[in-house]
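Visitor: let me see the structure of the following:
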Amino acid sequence: MKKFNDKRNIVGNIVKQNREKMHYSKTELSHKLELMGVELDRFELYKIETAKTSVKDFELIALCIVLQIDFSEIKEVMETDIKNYA
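Guide: Numbering: from 1, shown residues only. Okay, the predicted model is just below:
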């Protein structure tokens, strides 16, 4: 599986931080995503948050909507990771 800086995604920390900020458990977040037609169980959310799995585009969009994540946050993480890697 493809990796960047030994991670399978760069959004895991952002997802976890925003989920905790909104006081959602992984199960609660899973239910909210399911209402949008995106099926991610709590174990899959754990794997996303710990960067052990990649995130599909529709999953990322749904996570951003539910957790009120601005795409600029994701861009900043990527830019910082690139600077640290170079």
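
Visitor: what's the single longest helix in the chain?
Guide: Counting by DSSP state H, the longest helix found in the chain is helix 71-85.

Visitor: show me what that helix is packed up against.
Guide: If you count contacts as 3 or more C-beta pairs under 8 Å, 6 or more residues apart in numbering; DSSP states H and E, helix 71-85 packs onto helix 12-21, helix 57-67. All C-beta atoms are positioned from the backbone trio N, CA, C, and that covers glycine.

Visitor: from Tyr46, how far off is the closest residue to Val66 other than its chain neighbours?
Guide: Of all residues not flanking Val66 in the chain, Lys32 sits nearest, at 4.9 Å (C-beta to C-beta, 6 or more residues apart in numbering). For Lys32, the distance to Tyr46 (C-beta to C-beta, to the nearest Å) stands at 16 Å.

Visitor: so which bits of the lowest-mean-pLDDT helix or strand in the chain are buried?
Guide: Every helix and strand in the chain was compared by mean pLDDT, DSSP states H and E; the lowest is helix 71-85, with a mean of 83. For helix 71-85, a neighbour-count test (16 or more other C-beta atoms under 10 Å) marks Ile74 as buried.

Visitor: now the angle from it to helix 57-67?
Guide: Put simply, helix 71-85 runs at 120 degrees to helix 57-67, going by axes from the mean of the first three to the mean of the last three C-alpha atoms, to 10 degrees.
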